[in-house]
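[1] I would like to see how this sequence folds:
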Amino acid sequence: MKLLALTAITLFAATSQADIINCVFTEPFIDTSYSMAQQSLTYNSFDGEGTVTTVVKNVSFQIKGPGEFELVAKDGTVLQKLTLNNKGSDGMSDRVFPYEVEDKGMAGMANSGWGGCSSNFLKATDDSGSK
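    Residues are numbered from 1 along each chain as shown. I've put the predicted structure just below:
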């Protein structure tokens, strides 16, 4: 029980400092940025004609358990599920991201898939472990 509490406190301390969480996805090419200060999730999708940006406001960051987090819209819709397991991937590069993310998609967005995320304090590394 003490180990679980210590793990939760450690993870909370790391994530409570994560002002910005950036996630990347491929097929389709989308990146997201969550601002804890502004409680907003910004989607940038890329197509042959440019970038389409959509901002979702009033998004809360919820701790579900040790290393398990959700970004939840005001209406209760889960937009993203993040797992702090150092297994996140953008699907194309050799970078390993601290967070593995499942994007649940949103109205008007084609994406609903897996990607990788980093934050201000938890950076992606390459496959050799260097930053």
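[2] output the contacting helices and strands for the biggest strand by length in the chain.
    Secondary structure assigned by DSSP state E gives strand 78-88 as the longest strand of the chain. Other helices and strands packing on strand 78-88, by 3 or more CB pairs under 8 Å, 6 or more residues apart in numbering; DSSP states H and E, are helix 2-16, strand 68-72, strand 97-103, strand 114-119. Bear in mind the C-beta positions are built from the backbone N, C-alpha and C, glycine included.
[3] so, low pLDDT: which residues of this structure?
    Residue ranges of the chain with pLDDT under 70: 1-18, 106-112, 128-131.
[4] ok, G105 to P28 distance?
    10 Å (CB to CB, to the nearest Å).
[5] so for the two, which sits in the more crowded spot?
    G105 (16 against 13; other CB atoms under 10 Å).
[6] in which helix or strand does that one reside?
    Using DSSP states H and E, G105 sits in no helix or strand.
[7] how far away is it from S33?
    16 Å.
[8] just K74 next, same as before
    Where S33 is concerned, K74 sits at a distance of 18 Å (CB to CB).
[9] who's more crowded, those two?
    S33 (16 against 11).
[10] I appreciate the help and will end here.
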